[in-house]
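> quick one, structure for this:
(2 chains)
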Amino acid sequence: GAGQDVGRSCILVSIAGKNVMLDCGMHMGYNDDRRFPDFSYITQNGRLTDFLDCVIISHFHLDHCGALPYFSEMVGYDGPIYMTHPTKAICPILLEDYRKITVDKKGETNFFTSQMIKDCMKKVVAVHLHQTVQVDEELEIKAYYAGHVLGAAMFQIKVGCESVVYTGDYNMTPDRHLGAAWIDKCRPDLLISESTYATTIRDSKRCRERDFLKKVHETVERGGKVLIPVFALGRAQELCILLETFWERMNLKAPIYFSTGLTEKANHYYKLFITWTNQKIRKTFVQRNMFEFKHIKAFDRAFADNPGPMVVFATPGMLHAGQSLQIFRKWAGNEKNMVIMPGYCVQGTVGHKILSGQRKLEMEGRQILEVKMQVEYMSFSAHADAKGIMQLIRQAEPRNVLLVHGEAKKMEFLKQKIEQEFHVSCFMPANGETTTILTNPCIPVDISLGLLKRETAIGPLPDAKKPKLMHGTLLMKDNSFRLVSPEQALKELGLAEHQLRFTCRVHIQDPRKEHETGLRVYNHLKGILKDYSVQHLPDGSITVESILIQATAHSEDQGTKVLLVSWTYQDEELGSYLTSLLKKGLPQSTP
Amino acid sequence: VCVAGYGQSDGNEILQLIPPPTLLTKETQGLCPERDFKVECGGFSERPVYSLKYVPDTSLLVTSGPPDSSLQVWQVSAEDSDVIKSVSTIATENGTGQSWAKIATISAKDPWVLHGTRLDRVQITEVESRKNVYTAASRGSEELSGLAFLDCNTLLLCCATGRLCLADIRQPQSLVEAVSVPSAPCSEQWCVGSRHAAQALEPSSQPVARLSSRGHLTLTDLRKSSEFLALAKARVPSPGSGADFLCVSWAPALEGYLAISGFDGTVHVYDTQSWDSSGREAEPIFVHKGHAFGGAGGSGDPPLVTVHTWHLQKPRTLLSAASDGSLHVWDWVQPCGKC
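Predicted coordinates for the structure are as follows:
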């Protein structure tokens, strides 16, 4: 999906030879094949089971799981599908609901059936938060709390020491019924983040809520009715808590109703998965269940005709069918009434039409509906904006960042901001594009005990906090890597050890005899290299540790002496140092 | 709306924001769907941005800030990218102890930027070619607190001491004229607010307002500059925060209304039509306190309003920014019936 469209989320990741599919969403705006992801990217023909190691679903919104039954039953996939417990419980309800509207109301034929939804859910493996799940010997996954909606999770996918974190939709600010997303400093190689709202700077929540409450209050005060179309699970609970608190504080008497359908099930799920709500709700749950409202009652169809003010939450959210549409038709003609759309509406729905300004709608049977009621739009969606994305990157410390669902042209600034602040690479692929990320995998190597003992004996004592540099020889045979001492390596490979000896000639000006020059060199070096063993041998040569220095006369020039400095490869450092020291010449006055 | 940071370290951002559609006045087809601002494009500035002005009729921005008096020119909108790019630098002679340049822009014949730090270093530079087209002749070396184009030929310069000067760019040789100011206590610093060059029909007939760091306000008609149209005192906290953020501006759509800020976390709106020359304390029509309450609360210094401006079309709507990074768009309701 592009821009802020409700798109069909579906991302394929190949990590260390494993293929994982992240989300399998449906595009709500299309009625043809474009509503499903294009699985031909994986394979042109046949079932997908062999090509994928697992599928992960982040949350129950249809743009993330809507194509799942189509994918698993109609295209064909029998492997595991991972999601959190609330997602597993709620997904099939939403899928069935959507299927009913698409097939029964709209008469579509090429769509998945109820049985397919059931068969698809049988392949689901539910996971808990922060639980490491072994998909196979090498691949493991872990879910993190994402906020956004009940049961939404961010997933970490790990193979060996390479890992990817996929955020799905997340929210970095807590709201009235859900907490904020959280992840530990897991330092993944790649963080895949949704960036639909990345260019938005959010208005303060308090102002937005106050505006909403003001509109509702004003309408109710003048005797009007307020219709709020919602999806049963999601922002509805947030708005219910908001209104309930407001009603209580202002001591308002007008009734608030929540329409039937998914209501009971919705509240049931929130109670069931109470650990997924925010801390405040969990803490107060013992005294008072936040989802048992004092001022909000169950709706009955007949109430819509009652006189006087009221507020009704009705499903579905885009006024495209069902109860909310029915109520809308009843109330649209009265200008005292108001409809408040709390979320984005897909093109083609009544919700979208009235938000675009249409005031005369054609209904079934060629009936024209004149809309005189006030139409308001207040977006309460819980997505991370640019600040939230930066916060998550700060928490997780990924090495690379990939942004999905944004328009490339509009993301350049955010990309630079991320690259500058965190010094990581940032990618923004389009649909169908492949991005390759380079990682630095750790390769485990066995070290021989003898080498370990020997190396730890040399130099400073081992310190748990400091890395220690060791020298050895790496033997690679079949699939094993071993670090052994050079001697052992030579022995195993049947090679002979070679000795390297370097000899360097340093010319110095000295007209004296060789013997005297040698003495001068000896005294000079002895004076400087106080920590080293400097010897003057009977034959006139000088040794510094195991390095040999001899002074000879230059064959052509009596005034020049040639110092031969000779050392083995192991003494390279000292040898080079001595050479440069001697090149500087000898001090003038030496005994 | 363009906002920029002025933090000490580098990596200050310049953001061009699109306000939510409710705040734009062009005809919207349907409803205004959001309350959120969108970042249309953004850029990075190595130096803190103390002053930022659009160059009218172009897609360029000019900024200035410490450590010197040079100006930075930026390209804002580009077809294929949302990054605000640095285009060029307008260099100025750097005397010792030069502070940052005050700037004003106009696009009469060509896009020009008027800039300077002191009375004797005022110039007009053509933005695109960076050619100097005018240098003010002046003997004073007082520090400037503001400058403006009253029209395409007339410049208004205000010193920090409160001294106002006028210059006609058609006569570059003649010195700028000073306009008298009441004997002000020396510790006060002044800033000026005048009608925007594009709005005023007869620019010299519009009164010029001056605000001091103690809250004194003077209104002057530039044609009769030896006397004051009005004097008043605003009820503001004693000058603790210095004069860096003093700001006074006239409402573009409300006759006689002006706003002041820079003393604390509030913005005051006054109706000057009831003022006289007595200099007594004036009652604000409205005080915006949002910045003082809106923040995260408790910890740290209370936010200070750094700048404010009026919405060009909506009569009682203002925008204000504060030291905590907040941007408020607000209006007030007139208590009595009339609009």
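
> mind checking the SS state of the residue nearest to residue A:178 when sequence neighbours are not counted?
Once flanking residues are discounted, residue A:178 sits nearest to residue A:147: 5.0 Å by Cβ to Cβ, 6 or more residues apart in numbering or on different chains. (Each C-beta comes from the backbone N, C-alpha and C, glycine too.) Put simply, residue A:147 is coil when judged by DSSP: H, G, I helix; E, B strand; the rest coil.

> residue A:147 reaches residue A:168, doesn't it?
No - contact between residue A:147 and residue A:168 fails when scored by Cβ atoms under 8 Å: they sit 10.5 Å apart.

> pLDDT below threshold where in the chain?
Reading this off chain A. Confidence mapping of chain A against pLDDT under 70 gives the ranges A:1-7, A:29-31, A:105-107, A:232, A:260-265, A:283-291, A:347, A:406-409, A:589-591.

> nope, chain B
By pLDDT under 70, the low-scoring segments of chain B are B:8-11, B:25-34, B:94-98, B:174-187, B:196-205, B:238-242, B:294-300, B:335-339.

> select the longest strand from it.
In chain B, with assignment by DSSP state E, the single longest strand is strand B:37-45.

> for it, packing partners?
Counting contacts by 3 or more Cβ pairs under 8 Å, 6 or more residues apart in numbering or on different chains; DSSP states H and E, strand B:37-45 packs against strand A:200-201, helix A:412-422, strand B:12-18, strand B:85-90.

> could you dump those into TSV with distance to residue A:576 and mean neighbour count added?
Listed next are these as TSV, based on distance: least, Cβ to Cβ, whole Å; neighbours: other Cβ atoms under 10 Å in any protein chain shown:
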stretch	distance to residue A:576	mean neighbour count
strand A:200-201	60	19
helix A:412-422	41	19
strand B:12-18	49	19
strand B:85-90	48	16
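
> tell me the buried residues in the helix or strand following the longest strand of chain B?
Next helix or strand after strand B:37-45 toward the C-terminus (DSSP states H and E): strand B:51-55. In terms of neighbour count (16 or more other Cβ atoms under 10 Å in any protein chain shown), strand B:51-55 has its buried residues at B:51, B:52, B:53, B:55.

> what angle separates strand B:51-55 from strand B:12-18?
40 degrees (axes from the mean of the first three to the mean of the last three Cα atoms, to 10 degrees).

> pull up the pairing partners for strand B:51-55, direction included.
strand B:60-64 (antiparallel) (DSSP bridges).

> got the angle for the strand it pairs with vs strand B:37-45?
Between strand B:60-64 and strand B:37-45, the angle formed by their directions is 60 degrees, by the same axes, to 10 degrees.

> give me phi/psi at the residue nearest to residue A:178?
phi 70, psi -140 (degrees, to the nearest 10).

> that one and residue A:322: what is the separation?
28 Å (Cβ to Cβ, to the nearest Å).

> so these two - more neighbours on which side?
The residue with more neighbours, out of residue A:147 and residue A:322, is residue A:147; 26 against 18, by other Cβ atoms under 10 Å in any protein chain shown.

> need the contact list for the more buried one.
Residue A:147 sits next to A:170, A:171, A:172, A:173, A:174, A:175, A:178, A:179, A:180, A:181, A:382 when contact means Cβ atoms under 8 Å, 6 or more residues apart in numbering or on different chains.

> among those, which lie within helices?
Among those, none falls in helices (DSSP state H).

> for residue A:153, see how far away the residue nearest to residue A:178 is.
Per Cβ to Cβ, residue A:147 is found 10 Å from residue A:153.

> near chain B, which residues of the stretch 401-550 of chain A?
The stretch 401-550 of chain A comes close to chain B at residues A:409, A:410, A:411, A:412, A:413, A:414, A:416, A:417, A:420, A:421, as judged by Cβ under 8 Å from any Cβ of the partner chain.

> now those as a markdown table including distance to residue A:559?
Compiled in a markdown table, these are given as follows (distance: Cβ to Cβ, whole Å):
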| residue | distance to residue A:559 |
| --- | --- |
| A:409 | 77 |
| A:410 | 78 |
| A:411 | 75 |
| A:412 | 71 |
| A:413 | 72 |
| A:414 | 73 |
| A:416 | 66 |
| A:417 | 69 |
| A:420 | 63 |
| A:421 | 66 |
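
> coming back round to it: how far away from the center of its chain is the longest strand of chain B?
Offset of strand B:37-45 from its chain centre (Cα atoms, centre = their mean, to the nearest Å): 21 Å.

> who touches it?
Contact with strand B:37-45 is made by A:199-201, A:203, A:386, A:413-414, A:416-417, A:420, B:1, B:4-5, B:10-20, B:63, B:65, B:72, B:74, B:76-78, B:81-86, B:327, as judged by Cβ under 8 Å, 6+ apart.

> mind listing the helices for chain B?
Along chain B, counting by DSSP H, helices occupy B:290-294.

> show me the contacts for the residue positioned nearest the centre of it.
Residue closest to the average C-alpha location in chain B (Cα atoms, centre = their mean): residue B:247, at 6.4 Å. By Cβ under 8 Å, 6+ apart, the residues touching residue B:247 are B:191, B:193, B:211, B:260, B:261, B:262, B:305, B:307, B:308.

> which residue is the nearest non-sequential neighbour of residue A:237?
Leaving out its chain neighbours, the residue that sits closest to residue A:237 by Cβ to Cβ, 6+ apart is residue A:177, at 5.0 Å.

> these two touch, right, the one you found and residue A:278?
Yes - with contact defined as Cβ under 8 Å, residue A:177 reaches residue A:278; the gap is 6.2 Å.

> which one of these two has more residues nearby?
Higher neighbour count among residue A:177 and residue A:278: residue A:177, with 23 against 16, using other Cβ under 10 Å.

> write out the residues of chain A neighbouring chain B.
Neighbours of chain B within chain A, by Cβ under 8 Å from any Cβ: A:199-204, A:207-208, A:211, A:354-358, A:375-379, A:385-386, A:409-414, A:416-417, A:420-421.

> number of residues surrounding residue B:151?
Residues lying near residue B:151 (other Cβ under 10 Å) number 16.

> swap that for residue A:127, please
Neighbour count of residue A:127, defined by other Cβ under 10 Å: 21.

> now swap in residue A:479 and tell me
As a burial measure, residue A:479 scores 5 neighbours (other Cβ under 10 Å).

> phi first, then psi, for it.
According to degrees, to the nearest 10, residue A:479 has phi -110, psi 10.

> from chain B, how far off is it?
47 Å (Cβ to the nearest Cβ, to the nearest Å).

> can you count the residues close to residue A:516?
Residues within reach of residue A:516, counting by other Cβ under 10 Å, total 15.

> in which helix or strand does it reside?
Element membership for residue A:516 (DSSP H and E) is helix A:514-528.

> buried ones in that helix, by neighbour count?
Neighbour counts over helix A:514-528 (16+ other Cβ under 10 Å) mark A:517, A:518, A:519, A:520, A:521, A:522, A:523, A:524, A:525, A:526 as buried.

> go on, stretch B:60-72?
For stretch B:60-72, by 16+ other Cβ under 10 Å, it's B:60, B:61, B:62, B:63, B:64, B:65, B:68, B:69, B:70, B:71, B:72.

> could I get the CA-only coordinates of that stretch as CSV?
The C-alpha trace of stretch B:60-72 is given here as CSV (Å, rounded to 0.1, in the frame of the first residue of the first chain):
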residue,chain,number,x,y,z
LEU,B,60,13.9,29.9,-0.9
LEU,B,61,14.4,30.4,2.8
VAL,B,62,17.0,32.6,4.5
THR,B,63,18.3,31.9,8.0
SER,B,64,20.8,33.5,10.3
GLY,B,65,22.3,32.7,13.6
PRO,B,66,25.5,32.6,15.6
PRO,B,67,28.4,32.4,15.5
ASP,B,68,28.6,35.1,12.8
SER,B,69,26.5,37.5,10.8
SER,B,70,26.4,35.5,7.6
LEU,B,71,23.2,34.3,6.1
GLN,B,72,22.3,30.8,4.9
